[in-house]
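Q: Predicted model, plus sequence, below.
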Amino acid sequence: MNSANRWDITALRERAFVFDESLKATKRAIEPAPDFWYPYGTVNNFLHLERLLHGENRYLLELAGGAPVADVGAADGDLAFFLEKEHGIRAHVIDHAPTNFNSMRGVRRLREALGSSVAIHDIDLDELHGLPEERFGLIFFLGILYHLKNPFHALESLARCSKHLVLSTRVAQLSPDKKTNFSKLPVAYLLHESESNNDPTNFWIFSEAGLRRIIHRSGWDVLELITVGKTEGSDPASQEGDERAFCLLRSRRV
């Protein structure tokens, strides 16, 4: 394929931000109350993916090979709607109403307003026993891993369903009291239910070494990995100590 006709991650990022502005207008028309919608900008992840990806991996959507794409833990489905409307991709939203910001009412109302064909699935990832499609070409799994009680189970299940996974999650180097440096150990810190942002859905915060270990043992290979945010002296609980890992993974199971 001629490279001039391909969408690299920079072009995707630019197009996603334009789409995001129109989607915000649609959201305001549907529901003016700002506290109804998931408050964090999903398309901002493209800024980090632009740093993450190199070489042929920059043509991210081509990794799907024409197969369906899933956004797992999709909030209001912004990413899935972008992929469908701007790139003609068969997109799925997979989330769980009891832990979704607006109980998945936002994504359903957006699908209706946009006349979209994005498939919406309410699935508890901690009880995951398969996905709606037998095979996905690419799964986005952004900011979800540390919200799961059973991250190993989820990663292992996804490795059987998709060749590639884009993952982000919080990581940490120091204990909350800053006295223990576990950055080189393959470990995870289990948060108290009120310890991080008073959010009881926050569970396991891995060290980078721990994240790499669980990725490998659950059936994935790391193709690319960066960390962003507090990359020196991060901790698992405080807002100022927030460090995130972004990864592109390839499954050994499919």
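A: Good, I have the coordinates.

Q: Which residues belonging to stretch 134-142 are considered buried?
A: Neighbour-count burial for stretch 134-142, counted by 16 or more other C-beta atoms under 10 Å, picks out Phe136, Gly137, Leu138, Ile139, Phe140, Phe141, Leu142. All C-beta spots, glycine's among them, are computed from the backbone N, C-alpha and C.

Q: In helices, which of the residues you listed fall?
A: Counting by DSSP state H, no part of these is found in helices.

Q: Let me see the mean pLDDT of the host helix or strand of Leu158.
A: Element membership for Leu158 (DSSP states H and E) is helix 151-159. The pLDDT scores in helix 151-159 average 96.

Q: So which other helices or strands are in contact with it?
A: Packing partners of helix 151-159 (3 or more C-beta pairs under 8 Å, 6 or more residues apart in numbering; DSSP states H and E): helix 208-217.

Q: In the stretch 1-150 of the chain, mark out all the strands, start to finish.
A: Using DSSP state E, counting those that start in this stretch, the strands of the stretch 1-150 of the chain run over residues 69-72, 91-95, 119-122, 136-142.

Q: One more: the stretch 151-254 of the chain?
A: 162-171, 188-190, 204-206, 220-229, 243-251.

Q: can you redo the strands of the stretch 1-150 of the chain as TSV with mean pLDDT?
A: Converted to TSV, the strands of the stretch 1-150 of the chain look like this (pLDDT from 0 to 100):
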stretch	mean pLDDT
strand 69-72	97
strand 91-95	97
strand 119-122	96
strand 136-142	97
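
Q: now those strands as a markdown table including distance to Gly55?
A: Shown next, in a markdown table, are those (distance: least, C-beta to C-beta, whole Å):
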| stretch | distance to Gly55 |
| --- | --- |
| strand 69-72 | 21 |
| strand 91-95 | 25 |
| strand 119-122 | 31 |
| strand 136-142 | 17 |
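
Q: Distance to Phe101 and mean pLDDT added to the strands of the stretch 151-254 of the chain, as TSV?
A: Output for those, formatted as TSV (distance: least, C-beta to C-beta, whole Å; pLDDT from 0 to 100):
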stretch	distance to Phe101	mean pLDDT
strand 162-171	17	98
strand 188-190	23	98
strand 204-206	21	98
strand 220-229	21	98
strand 243-251	19	98
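
Q: a markdown table for those strands, including distance to Gly55 and mean neighbour count?
A: Converted to a markdown table, the strands of the stretch 151-254 of the chain look like this (distance: least, C-beta to C-beta, whole Å; neighbours: other C-beta atoms under 10 Å):
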| stretch | distance to Gly55 | mean neighbour count |
| --- | --- | --- |
| strand 162-171 | 14 | 24 |
| strand 188-190 | 31 | 19 |
| strand 204-206 | 27 | 25 |
| strand 220-229 | 9 | 16 |
| strand 243-251 | 11 | 21 |
